[in-house]
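In: quick one, what's the 3D model for this:
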Amino acid sequence: MARLEGKCALVTGGSRGIGAATALTFVHEGARVGIMGKSERNLAAMKQAGGSENIAIEIFQGDVGRKDDATRCVDDFIGRFGRIDILVNNAGIGIGRPFFDKTVEDWNETLRVNLIGTFLMCQTAAKHMVAAKSGKIVNVSSVRGLDHLGREPVMDYSASKAAVINLTKTLAKELAPDINVNVVVPGNTETDLLKALPEEVRAGMLAGTYFRRFAMPQDIANAILFLASGEADFITGQSLVVDGGFSLKAG
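Out: This is a model prediction of the structure:
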């Protein structure tokens, strides 16, 4: 039997990259899946791509960092599926800017989406999970949130991703024993954000990865699948680093 047979899962940031790979993986593993995102065009494209492969994915448009949107999308998800078994908090942004040019607005927007958005989605979905006495929450952080691995142009991103790891551990205590809360910590992954970086920056990232390749979105989706499945029923409050050894370097 598929590992997520009959489960209902909502994936934020689910129209591209890691989120899209996760949504498709969940469907193939038997889940009924909805994806949430800000871009109506990207959501529609994902739905159309799924439809061409006879894969049914429901779409929910909204901004995770706005409480009204978070509440509305989760409520709509419950309305369509009847329950929520799995929440994957993958939505996130990064604003690259040198330290002395970094603005308060950069910080506010990054924290609003990456940290507050994760909190709001957890808070809204967990109310339904608590009532059902069952659920899995998988947050997505980054190696930039680990000790010594933050980068100066994305210090706000790095700080937000470190906070997501801490939030995960705190929520795991708050929502036990019925709900598992874990976090996947991806290394440098072949997404649109990475592809847009200058070649010299990409080369430096690759040189620091012991497996000598970047992660593919599917590599991260596989880790998310594990934590969302019954195989991880006795795991909570943990960080699963998927980085090809990148975090083994000193700094």
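In: how many residues are close by residue 196?
Out: 10 (other CB atoms under 10 Å). Using the backbone N, CA and C atoms, a C-beta is placed for each residue, glycine as well.
In: and the pLDDT at it?
Out: Predicted confidence (pLDDT) for residue 196: 77.
In: that one and residue 204: what is the separation?
Out: From residue 196 across to residue 204, the span is 15 Å (CB to CB, to the nearest Å).
In: same thing with residue 184?
Out: Distance, residue 184 to residue 204, using CB to CB: 23 Å.
In: between the two, which one's more packed in?
Out: The residue with more neighbours, out of residue 184 and residue 204, is residue 184; 28 against 12, by other CB under 10 Å.
In: how is the more buried one assigned, secondary-structure-wise?
Out: strand (DSSP: H, G, I helix; E, B strand; the rest coil).
In: beta partners of it?
Out: Residues in a beta bridge with residue 184, per DSSP bridges, are residue 140, residue 240.
In: can you give me the pLDDT of it?
Out: Residue 184 is assigned 98 on the pLDDT scale.
In: let me see the contact set for it.
Out: When contacts are counted by CB atoms under 8 Å, 6 or more residues apart in numbering, residue 184 touches 138, 139, 140, 141, 220, 223, 224, 227, 239, 240, 242.
In: redo that, cut-off 10 Å
Out: Contacts for residue 184 (CB atoms under 10 Å, 6 or more residues apart in numbering) come out as 18, 22, 88, 90, 138-142, 168, 220-228, 238-242.
In: distance of it relative to residue 190?
Out: For residue 184, the distance to residue 190 (CB to CB) stands at 16 Å.
In: cool, and residue 207?
Out: From residue 207 across to residue 190, the span is 16 Å (CB to CB).
In: between these two, point out the one with more neighbours.
Out: Using other CB under 10 Å, the more surrounded residue of residue 207 and residue 190 is residue 190, with 17 against 9.
In: where along this structure do the helices fall?
Out: According to DSSP state H, the chain carries its helices in the segments 17-28, 40-52, 67-81, 104-111, 117-132, 155-175, 192-195, 199-207, 217-228.
In: now those helices in JSON lines, with distance to residue 148?
Out: Output for those, formatted as JSON lines (distance: least, CB to CB, whole Å):
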{"stretch": "helix 17-28", "distance to residue 148": "23"}
{"stretch": "helix 40-52", "distance to residue 148": "34"}
{"stretch": "helix 67-81", "distance to residue 148": "32"}
{"stretch": "helix 104-111", "distance to residue 148": "20"}
{"stretch": "helix 117-132", "distance to residue 148": "23"}
{"stretch": "helix 155-175", "distance to residue 148": "10"}
{"stretch": "helix 192-195", "distance to residue 148": "21"}
{"stretch": "helix 199-207", "distance to residue 148": "15"}
{"stretch": "helix 217-228", "distance to residue 148": "22"}
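In: worst mean pLDDT among those helices?
Out: helix 192-195 (a mean of 78).
In: which other helices and strands contact it?
Out: With contacts taken as 3 or more CB pairs under 10 Å, 6 or more residues apart in numbering; DSSP states H and E, helix 192-195 sits against helix 17-28, helix 199-207.
In: quick one: the first one to chain centroid distance?
Out: This means helix 17-28. The chain centre lies 11 Å from the centre of helix 17-28; the measure is CA atoms, centre = their mean, to the nearest Å.
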